[in-house]
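A.B. asks: Curious how this folds, go ahead:
(one chain, ligands or ions: 2)
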Amino acid sequence: MWMGQSSVDFIMAGCKLLDEGNVQSFLDNTDIVLTDCDGVLWRGNQVIPGAQETIEKLRKLGKKVLFVTNNSTKTRAEYVTKCASLGFPASEDEIISSSYVTAHYLKYIVKYTGKVYTVGPQGLAQELNAVGIPNFGTGPDVAENWKFEDYTTLPLDPEVNCVVVGFDKDFSYVKLCRATAYLRDKGCLFVATNTDTGLPVNGRFIPGTGTIVAAVSEAAERRPDIICGKPHLPIFDTVLKLHNVDPKRCIMIGDRLNTDIELAHNCGLGAALLVLTGCATLEEVRQKQSSNSIADQRLVPNFYLPSLAQLGTLIDSLK
Ligand SMILES: O=C(O)[C@H](O)[C@H](O)COP(=O)(O)O
Ligand SMILES: [Mg+2]
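C.D. replies: Numbering: from 1, shown residues only. Ligands and ions are numbered 1, 2, ... in the order given. Have a look, this model is predicted:
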């Protein structure tokens, strides 16, 4: 059942239901709403009921809404099209995707000048192209009648000094071998767009980018040097570069504790609101809430709602 618990029989000290008693101060302390996409606004191409209306109401209240997604499958321009088609009109600069963040981080922060071997989607390849970073690897790559000795003769491009892993629906054993061959050289940079383990699509959970990153990590016996998406800083650094916001006046609305909610803690945002239409459950929040580990406490949201629709209803109650 997607819509979370119908009633909650426990009150969690650190995490409160957003309600008519606290929503006014919640909104008064907010100028910028960073909203996650998969699991908050939509699941695959299925819009979550009430999400469009709530985004519209937030904008009517004068809040700047930014779409901050770990999804690396599209360029920002393609996200503008997707958002418009699903009823969330947005400009490119209002969309901060892990594909865009990864390309810009490599170009302008790492100042990477070589070629990239990409285990990832077209959207990521196009964002890398847009900043002038040559890359290859996207698309199907399978070997018929594979023999193990083929692995030792895989041609490696000497100009590749970075492997980037994103959401790759064409992931294959051959790609795993190529990525591993490059990454066995410790001087080759290992970059991941994000490490979400799964995402909600049309009522099912499908394996996320994190499962592909984990396969490459295990085979190469190393962890990514850089992870660009939530909860890591590069994606919020990009928000700051594009919009120069005050983190304390930002709230993060998300469906996953170890990306959306943890980002809020990592970046000192004003508050984090969890909605129960995607990955996380209240039981998970309760477990983190009652844990003694600081790492777990950083996954606890300030507020929760069954879905974004209820925030729209609360906004109506203020009139
Ligand atoms: O597997 C992935 O890449 C992620 O699960 C997915 O794309 C998350 O997107 P978000 O919830 O950040 O919009
Ligand atoms: Mg999500």
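A.B. asks: C-alpha only now, for contacts and for neighbours.
C.D. replies: Will do.
A.B. asks: From T75, how far off is the residue in the stretch 201-319 of the chain that ligand 2 sits nearest to?
C.D. replies: Relative to ligand 2, the nearest point of the stretch 201-319 of the chain is D255 (5.0 Å; C-alpha to the ion). Distance, D255 to T75, using C-alpha to C-alpha, to the nearest Å: 22 Å.
A.B. asks: between these two, which one's more packed in?
C.D. replies: Using other C-alpha atoms under 10 Å as the criterion, D255 and T75 rank with D255 on top: 29 against 26.
A.B. asks: Quick check, that one in contact with A272.
C.D. replies: No. The criterion here is C-alpha atoms under 8 Å, and D255 misses it with A272 at 10.3 Å.
A.B. asks: what ranges do the helices span in the chain?
C.D. replies: Using DSSP state H, the helices assigned to the chain run over residues 23-28, 51-60, 76-85, 98-104, 122-130, 148-152, 173-183, 209-220, 233-243, 262-266, 282-290, 294-297, 308-317.
A.B. asks: any chance of those helices in a markdown table, plus distance to ligand 2 and mean pLDDT?
C.D. replies: As requested, the helices of the chain are exported to a markdown table (distance: least, C-alpha to the ion, whole Å; pLDDT from 0 to 100):
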| stretch | distance to ligand 2 | mean pLDDT |
| --- | --- | --- |
| helix 23-28 | 21 | 96 |
| helix 51-60 | 13 | 98 |
| helix 76-85 | 15 | 97 |
| helix 98-104 | 12 | 98 |
| helix 122-130 | 18 | 98 |
| helix 148-152 | 36 | 79 |
| helix 173-183 | 26 | 96 |
| helix 209-220 | 12 | 98 |
| helix 233-243 | 14 | 97 |
| helix 262-266 | 12 | 96 |
| helix 282-290 | 16 | 94 |
| helix 294-297 | 19 | 91 |
| helix 308-317 | 12 | 98 |
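A.B. asks: Deepest in the core, which of those is it.
C.D. replies: Of these, the one with the most neighbours on average (mean count of other C-alpha atoms under 10 Å) is helix 98-104, at a mean of 27.
A.B. asks: Format the CA atom coordinates belonging to that one as PDB.
C.D. replies: Taking Å, rounded to 0.1, in the frame of the first residue of the first chain, the C-alpha atoms of helix 98-104 are listed here in PDB:
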ATOM      1  CA  SER A  98      22.500  14.100 -10.900                       C
ATOM      2  CA  SER A  99      23.400  13.800 -14.600                       C
ATOM      3  CA  TYR A 100      23.900  17.600 -14.700                       C
ATOM      4  CA  VAL A 101      25.700  17.800 -11.300                       C
ATOM      5  CA  THR A 102      28.100  15.000 -12.300                       C
ATOM      6  CA  ALA A 103      29.100  16.600 -15.600                       C
ATOM      7  CA  HIS A 104      29.600  20.000 -14.000                       C
END
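A.B. asks: Let's see the pLDDT reported for the residue of the stretch 201-319 of the chain closest to ligand 2.
C.D. replies: Looking at D255, its pLDDT is 97.
A.B. asks: Up against ligand 1, what does the protein have?
C.D. replies: Proximity of the chain to ligand 1, by C-alpha under 6 Å from any ligand atom, involves residues 36-39, 69-71, 167, 196, 198-199, 208-209.
A.B. asks: Test of understanding: give the bridge partners of the residue in the stretch 1-150 of the chain that ligand 2 sits nearest to.
C.D. replies: Using C-alpha to the ion, D38 is the residue of the stretch 1-150 of the chain that sits closest to ligand 2, at 4.1 Å. D38 has these beta-bridge partners by DSSP bridges: W42.
A.B. asks: Pull the number of nearby residues for the residue of the stretch 151-300 of the chain found nearest ligand 1.
C.D. replies: The nearest approach of the stretch 151-300 of the chain to ligand 1 comes at G208, 3.1 Å away (C-alpha to the nearest ligand atom). Per other C-alpha under 10 Å, the neighbour tally for G208 reads 20.
A.B. asks: Am I right that it is in contact with N194?
C.D. replies: No. Distance between G208 and N194: 9.1 Å, which falls outside the contact criterion (C-alpha under 8 Å).
A.B. asks: rewinding a little: so what's the residue of the stretch 151-300 of the chain closest to ligand 1 closest to, chain neighbours aside?
C.D. replies: G198 (3.8 Å; C-alpha to C-alpha, 6 or more residues apart in numbering).
A.B. asks: residue contacts, the one you found?
C.D. replies: By C-alpha atoms under 8 Å, 6 or more residues apart in numbering, the residues touching G198 are 205-211.
A.B. asks: For it, name its beta-bridge partners.
C.D. replies: With DSSP bridges as the rule, G198 is bridged to P207.
A.B. asks: roughly how far apart are it and P247?
C.D. replies: Separation of G198 from P247 (C-alpha to C-alpha): 28 Å.
A.B. asks: And for I55?
C.D. replies: For I55, the distance to P247 equals 20 Å [C-alpha to C-alpha].
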